[in-house]
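[1] any chance you can model this:
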Amino acid sequence: MTIQNEKELYRLKARLCKTFADPTRLMIIHELRSGEKTVGQIQSALGLLQPVVSRHLALLRERGVVKTRRNGTRIIYSISDPKIIAACDMVHNILLSQMAKDKDTAERLITASSPK
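    Numbers count the residues shown, from 1 in each chain. Got it, this is the predicted structure:
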């Protein structure tokens, strides 16, 4: 691989990582781990405004994290690749390991942040 190709690959990796660098997008991904949902279902589950959810879903779709299918007039969203959930779980577990170093913080947050 040439240096130029390697740089491009790292640029694309960084772009994908930036996609996951937003709490709202991580909440949406977490919500979709249980299966397909509409914008309204995600909005209701997360207590967010519809335009906020739609904007984040558009970015997630553009970056290939979620995919859509049409059911009549409704658009249904789902995770595009199960490896995305596995990667989020891996990051989650690394975070929990780091938090274990600070036992007070870990005890307070581990229960509330465990994947369902």
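
[2] need the residues that contact stretch 54-72.
    15-16, 19-20, 22, 24-25, 28-29, 32, 36, 39, 42, 75-80, 84 (C-beta atoms under 8 Å, 6 or more residues apart in numbering). Where C-beta positions appear, they are placed from N, C-alpha and C, glycine not excepted.

[3] so what are the domain limits for this structure?
    For the chain, automatic domain parsing gives the domain ranges 1-80, 82-116.

[4] export those as a markdown table, with columns for mean neighbour count.
    Output for the domains of the chain, formatted as a markdown table (neighbours: other C-beta atoms under 10 Å):
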| stretch | mean neighbour count |
| --- | --- |
| domain 1-80 | 14 |
| domain 82-116 | 12 |
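
[5] pick out the shakiest of those domains, pLDDT-wise.
    The weakest mean pLDDT among the domains of the chain belongs to domain 82-116, with a mean of 82.

[6] what segments of the protein are helices?
    Along the chain, counting by DSSP state H, helices occupy 3-19, 23-32, 39-46, 50-62, 82-99, 103-113.
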